[in-house]
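In: Sharing a model prediction with you, sequence too.
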Amino acid sequence: MNLSIVVPIYNEEENIVPLHERVTEALAETSLAYELILVDDGSSDGSFPLLREIAGRDPRVKVIRFRRNFGQTAAMAAGFDAARGRVVVPMDGDLQNDPADIPMLLAKIDEGYDVVSGWRKDRQDTFINRRLPSILANGLISRLTGVHLHDYGCTLKAYRREVLEGVNLYGELHRFVPALASQVGARVAELPVRHHPRLHGTSKYGISRTTRVVLDLMTVKFLLSYSTKPIQLFGKWGIYTMLAGMLAGGLTLYMKLFEGMSMNRNPLLILTAFLLFGGVQFIALGLLGELNARTYYEAQAKPIYAVRERINLG
Ligand code: UDP
Ligand code: MG
């Protein structure tokens with residue numbers, strides 16, 4: 001098997017047949033032996049019967065049906081776990097990604113890369129609530145992880161399967177796989193891909209995802225640092241905070257002594273101290289909590305999804 005295509009499906013009934021057609025078309029010209037793994041993430045529309053029907057007439061199509069909605073990352077993780085191809089390509093189920101780009105991604109893998117990440121250079125989503133937050137997020141992710149990509153959020157990527165084996169996904173982490181893989185030495189490339197408006201239906205996400213992604217970014221940053229230098233990570237911010245505190249204290253003292261400003265019940269003073277220390281504590285607690293949760297999941301090898309049934313999978 002050369003290739004496993006993994007597609008999360010959550011209420012995409014109108015897109016499933018076109019998706020199958022386009023994938024079949026795109027790969028007919030190549031001589032690749034492939035499987036198309038469709039993961040039904042607890043759809044409540046007619047998606048599953050359609051998936052079963054397609055899998056009935058095309059043995060290359062494999063279906064995993066979740067017991068409930070576990071989220072896009074879990075659906076992708078289930079597909080990755082089942083994938084047997086040399087290369088694994090995740091893709092969206094609404095045809096915003098173009099299956100015709102897959103051969104190009106594979107060619108790049110054959111140049112010797114372990115991860116090839118799609119870049120939606122001409123992204124077909126609204127600016128203010130989708131593209132703008134993405135631009136900011138990508139800049140931040142690149143800076144924090146040291147792996148510079150224009151478009152972490154693009155689902156269409158290609159991985160050598162070995163790269164995925166050590167990567168445990170949860171939360172919104174699927175988009176950070178290139179950074180996590182790079183930490184263990186994967187060679188990462190980025191390649192412009194096509195992007196289309198959603199074929200049918202509406203997006204499953206609102207602005208809340210941006211917050212979730214930013215919070216998960218902190219986890220990733222922490223995970224990347226944790227294995228080697230947790231105290232450095234926390235210590236650095238601790239020291240900066242203390243320096244900021246000293247600075248603020250010095251300033252306050254100066255104002256009191258030389259400007260005669262009254263510090264008696266000065267709300268700014270209290271507010272600054274509260275925000276500064278409160279914020280740091282929240283972040284630190286959050287990170288420790290995340291780490292704890294992760295240790296818990298990995299220690300008991302708790303799966304992040306539950307499967308109701310599998311089709312065409314042994
Ligand atoms: N998806 C999923 N589970 C969810 C939400 C979304 O499997 O809980 C799938 C969805 O069916 C689609 C992909 O994830 O195949 C991307 O979702 P969507 O197109 O809604 O996101 P957007 O393109 O707007 O970022
Ligand atoms: Mg979409």
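Out: Sure thing, it's come through. Numbers count the residues shown, from 1 in each chain. Ligands and ions are numbered 1, 2, ... in the order given.
In: so where's the protein shaky on pLDDT?
Out: In the predicted model of the chain, residues 226-235, 267-268, 271 satisfy pLDDT under 70.
In: And residue 50, which helix or strand is it part of?
Out: helix 47-57 (DSSP states H and E).
In: Look up how far residue 289 lies from residue 283.
Out: Taken as C-beta to C-beta, to the nearest Å, the spacing of residue 283 relative to residue 289 amounts to 11 Å. C-betas here are computed from N, CA, C, even on glycine.
In: So those two - more neighbours on which side?
Out: For the pair residue 283 and residue 289, the greater number of neighbours falls to residue 283 (15 against 11), based on other C-beta atoms under 10 Å.
In: So that one sits against residue 218, correct?
Out: Yes. Counting by C-beta atoms under 8 Å, a contact exists between residue 283 and residue 218, whose distance comes to 7.1 Å.
In: one step back: what comes up buried for the helix holding residue 50?
Out: Of the residues in helix 47-57, those buried by neighbour count under the rule 16 or more other C-beta atoms under 10 Å are 47-48, 50-52, 54-55.
In: And stretch 116-132, by the same measure?
Out: Buried, per 16+ other C-beta under 10 Å, within stretch 116-132: 116-120, 123, 130.
In: Return the residues in contact with residue 286.
Out: Taking C-beta atoms under 8 Å, 6 or more residues apart in numbering as the criterion, residue 286 is in contact with 215, 218.
In: Can you tell me the element it falls in?
Out: Following DSSP H and E, one finds residue 286 within helix 267-299.
In: ditto for residue 38
Out: Under DSSP H and E, the secondary-structure element containing residue 38 is strand 34-40.
In: Can you report how many residues lie near residue 142?
Out: Other residues within reach of residue 142 by the criterion other C-beta under 10 Å amount to 15.
In: Show residues contacting stretch 131-143.
Out: Residues lying outside stretch 131-143 but in contact with it, judged by C-beta under 8 Å, 6+ apart, are 123, 125, 148-153, 176, 179, 207, 210, 213-214, 217, 220.
In: Which pair of those spans the longest distance?
Out: Greatest spatial distance among the contacts of stretch 131-143 (C-beta to C-beta): 148 and 207, at 25.3 Å.
In: Need the phi and psi values for residue 67.
Out: Torsion angles at residue 67 (phi, psi; degrees, to the nearest 10) stand at phi -70, psi -30.
In: Can you give me the distance of it to residue 241?
Out: Between residue 67 and residue 241 the computed distance is 44 Å (C-beta to C-beta).
In: The two: who's more crowded?
Out: residue 241 (15 against 11).
In: Just list whatever residues bridge to residue 191.
Out: residue 118 (DSSP bridges).
In: quick one: contacts for it?
Out: Contacts of residue 191 by C-beta under 8 Å, 6+ apart are 104-105, 108, 116-119.
In: ok, which of these also contact ligand 2?
Out: Checking these against ligand 2 by C-beta under 5 Å from the ion, not one of them is in range.
In: Could you verify that residue 6 is part of a strand?
Out: Yes. Secondary structure of residue 6 (DSSP: H, G, I helix; E, B strand; the rest coil): part of a strand.
In: Please, which helix or strand holds the nearest residue to it once chain neighbours are set aside?
Out: Nearest residue to residue 6 in three dimensions, chain neighbours excluded: residue 79, at 3.2 Å (C-beta to C-beta, 6 or more residues apart in numbering). Here residue 79, judged by DSSP H and E, is contained in helix 72-82.
In: In its sheet, which strands sit next to the helix or strand that that helix is followed by, and in what direction?
Out: Beyond helix 72-82 on the C-terminal side, the first helix or strand identified by DSSP H and E is strand 87-90. When sheet partners are counted by DSSP bridges, strand 87-90 sits next to strand 3-9 (parallel), strand 157-160 (antiparallel).
In: near ligand 1, anything from strand 87-90?
Out: No. Residues of strand 87-90 contacting ligand 1 under C-beta under 6 Å from any ligand atom: none, with a closest distance of 9.5 Å.
In: and the helix or strand following that strand with strand 34-40, angle?
Out: Later in the chain than strand 87-90, the nearest helix or strand by DSSP H and E is helix 102-110. Helix 102-110 and strand 34-40 are oriented at 110 degrees to each other (axes from the mean of the first three to the mean of the last three C-alpha atoms, to 10 degrees).
In: now the residue nearest to residue 290 when sequence neighbours are not counted: how far from ligand 2?
Out: Once its chain neighbours are removed from consideration, residue 290 has its nearest residue in residue 219; the separation is 4.7 Å (C-beta to C-beta, 6+ apart). Note on residue 219: its distance to ligand 2, by C-beta to the ion, to the nearest Å, is 24 Å.
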